[in-house]
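> My questions are about this predicted structure, shown below with the sequence.
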Amino acid sequence: NAGVTQTPKFQVLKTGQSMTLQCAQDMNHNSMYWYRQDPGMGLRLIYYSASEGTTDKGEVPNGYNVSRLNKREFSLRLESAAPSQTSVYFCASSEHSAANTEAFFGQGTRLTVV
Amino acid sequence: KNQVEQSPQSLIILEGKNCTLQCNYTVSPFSNLRWYKQDTGRGPVSLTIMTFSENTKSNGRYTATLDADTKQSSLHITASQLSDSASYICVVSVSAPGGATNKLIFGTGTLLAVQP
């Protein structure tokens, strides 16, 4: 039962470098999400995909892009990393995007930008 | 502004003891309230989900309560174990117009340490 799988688990980038965080779920969920978690703050939504073929901005989308590659996969791209993007990133999925559906989280990617 | 506040920020208890964590929210329109457990270095895992009409819900040694009138929730842990050491996050779901899009407002969590 893999659930939501994120890669990589850890990454160090230099300012200005680019990278893509990968996320895949095997629960046949329609909706997928990317969050960031910073010390002293609750998780904040970066982007989400309510269903395959759609993506929308969340609370903190600046500096990020996403791709819903297929129903299983949802990637997050940093085109030009900045120290302010140092954070722990979580991917999540839910059966659909209605307010009463359960969200399942991956184990996170700890990103450091130096 | 939609907000979720939790108290205390951190808590240390002895193994076997009970504890209660608090959550106050100002979220509208309210859809449901969730409690998540997040172990160090892991993603959050759901413990309970409660809708407006539910006052209490249990999951093993975890019991959550909800008072929708005062916009308060609590998570009670009974007979704590070392494995209960984690961050406990209160999350409130906002009901968007038409029921679309699951918008979650996260609290900052209560860090619980259970000592032998």
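Nice, thanks for sending it over. Bear in mind the structure is a predicted one, so any value in this text is a computation, not a measurement. Numbering: from 1, shown residues only, chains lettered A, B, ... in the order given.

> Now tell me what touches stretch A:68-80 from outside.
A:13, A:16-26, A:28-30, A:32-34, A:46-47, A:49, A:52-55, A:63-67, A:85, A:89, A:91, A:93, A:111 (Cβ atoms under 8 Å, 6 or more residues apart in numbering or on different chains). C-beta coordinates here come from the backbone N, C-alpha and C atoms, glycine included.

> Please check those residues and keep the buried ones.
With burial judged by 16 or more other Cβ atoms under 10 Å in any protein chain shown, the buried subset of the contacts of stretch A:68-80 is A:13, A:21-25, A:29-30, A:32-34, A:46-47, A:49, A:55, A:64, A:66, A:85, A:89, A:91, A:93, A:111.

> Pick out the residue nearest the middle of chain A.
A:Trp34 (2.7 Å; Cα atoms, centre = their mean).

> For that residue, give its distance to chain B.
Distance of A:Trp34 to chain B, given as Cβ to the nearest Cβ, to the nearest Å: 12 Å.

> so what does the host helix or strand of that residue touch, helix or strand wise?
A:Trp34 belongs to strand A:31-37 when assigned by DSSP states H and E. Contact partners of strand A:31-37 among helices and strands, from 3 or more Cβ pairs under 8 Å, 6 or more residues apart in numbering or on different chains; DSSP states H and E: strand A:19-25, strand A:44-49, strand A:64-68, strand A:74-78, strand A:87-94.

> Now tabulate those strands in JSON lines and tack on mean pLDDT.
Shown next, in JSON lines, are the helices and strands packed on strand A:31-37 (pLDDT from 0 to 100):
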{"stretch": "strand A:19-25", "mean pLDDT": "98"}
{"stretch": "strand A:44-49", "mean pLDDT": "94"}
{"stretch": "strand A:64-68", "mean pLDDT": "97"}
{"stretch": "strand A:74-78", "mean pLDDT": "98"}
{"stretch": "strand A:87-94", "mean pLDDT": "96"}
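
> Could you work out which of the ones you listed reaches nearest to A:Gly3?
Nearest to A:Gly3, of all these, is strand A:19-25, at 6.8 Å by Cβ to Cβ.

> what angle sits between that closest one and strand A:74-78?
Interaxial angle, strand A:19-25 versus strand A:74-78 (axes from the mean of the first three to the mean of the last three Cα atoms, to 10 degrees): 170 degrees.

> looking just at contacts, which helices and strands does strand A:19-25 meet?
strand A:4-7, strand A:10-13, strand A:31-37, strand A:74-78, strand A:87-94.

> Comparing these, which comes out most buried?
Highest mean neighbour count among those (mean count of other Cβ atoms under 10 Å in any protein chain shown): strand A:31-37, with a mean of 26.

> Now tell me what touches it from outside.
Strand A:31-37 has contacts (Cβ under 8 Å, 6+ apart) with A:21, A:23, A:25, A:43-51, A:58, A:60, A:64, A:66, A:68, A:74, A:76, A:87-97, A:101, A:103, A:108, B:102.

> make it 6 Å
Residues outside strand A:31-37 that contact it (Cβ atoms under 6 Å, 6 or more residues apart in numbering or on different chains) are A:43-50, A:74, A:76, A:87-94, A:96-97.
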